[in-house]
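Fold the following and give me the result.
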Amino acid sequence: MVRLAEQLVQDAVASGQFAFPPIVDVRIDQTQTELLVDRGKAGSMGLTMGQVGADVSSLLSGNFVNRFSLDGRSYKVIPQVQRVSRLLPRQLDDLYVTVPRNC
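Numbers count the residues shown, from 1 in each chain. Okay, here's the model as predicted:
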C-alpha cells in the first residue's frame, strides 16, 4: 500500500498540477477502535449523540478548548485523559459523560 501511495505522489508531482508535493500518510500500523453507543439508553438519560461525541472527543483528542489566566500569564486548557488511561480499547469503559441535571 505504501508503494502505491508513493507512486501516486510521484505521478502527482510529475503532472505539474501541485505547488507542493503531496505527503504520504499511510498509517496502517496504528490501532483503531470503534466506539458503539446505545442511542436508546443515551436518549433515555437526556443525552444527544452530539453531546456524547463532544464529551468523548474532549476526553481523548487533546484539543484546546479555552484559556485561563494565572499570575498574569495565559494558559491553554486542553482536557484529556492521561495517556496511560487511554492506551487500550477496554479503558474506554472507564470514561463517563455528563448527563443533564433533570434526568
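
Any regions of the protein where pLDDT drops low?
Within the chain, the stretches with pLDDT under 70 are 26-28, 102-103.

and with 90 instead?
1-10, 12-13, 15-37, 45, 51, 53-66, 77-103 (pLDDT under 90).

Would you map the helices across it?
2-15, 39-44, 49-61 (DSSP state H).

ok, and which of the ones you listed has the densest surroundings?
Comparing these by mean neighbour count (mean count of other C-beta atoms under 10 Å), helix 49-61 comes out on top with a mean of 14. C-betas here are computed from N, CA, C, even on glycine.

Send me that helix as PDB with only the CA atoms.
Extracted in PDB, the C-alpha atoms of helix 49-61 (Å, rounded to 0.1, in the frame of the first residue of the first chain):
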ATOM      1  CA  MET A  49     -25.200  11.900  20.200                       C
ATOM      2  CA  GLY A  50     -23.700  15.400  19.700                       C
ATOM      3  CA  GLN A  51     -23.200  15.700  23.500                       C
ATOM      4  CA  VAL A  52     -21.700  12.200  23.800                       C
ATOM      5  CA  GLY A  53     -19.400  12.800  20.800                       C
ATOM      6  CA  ALA A  54     -18.200  16.200  22.200                       C
ATOM      7  CA  ASP A  55     -17.500  14.700  25.600                       C
ATOM      8  CA  VAL A  56     -15.600  11.700  24.200                       C
ATOM      9  CA  SER A  57     -13.700  14.000  21.800                       C
ATOM     10  CA  SER A  58     -12.700  16.300  24.700                       C
ATOM     11  CA  LEU A  59     -11.500  13.300  26.800                       C
ATOM     12  CA  LEU A  60      -9.400  11.700  24.000                       C
ATOM     13  CA  SER A  61      -8.400  14.200  21.400                       C
END
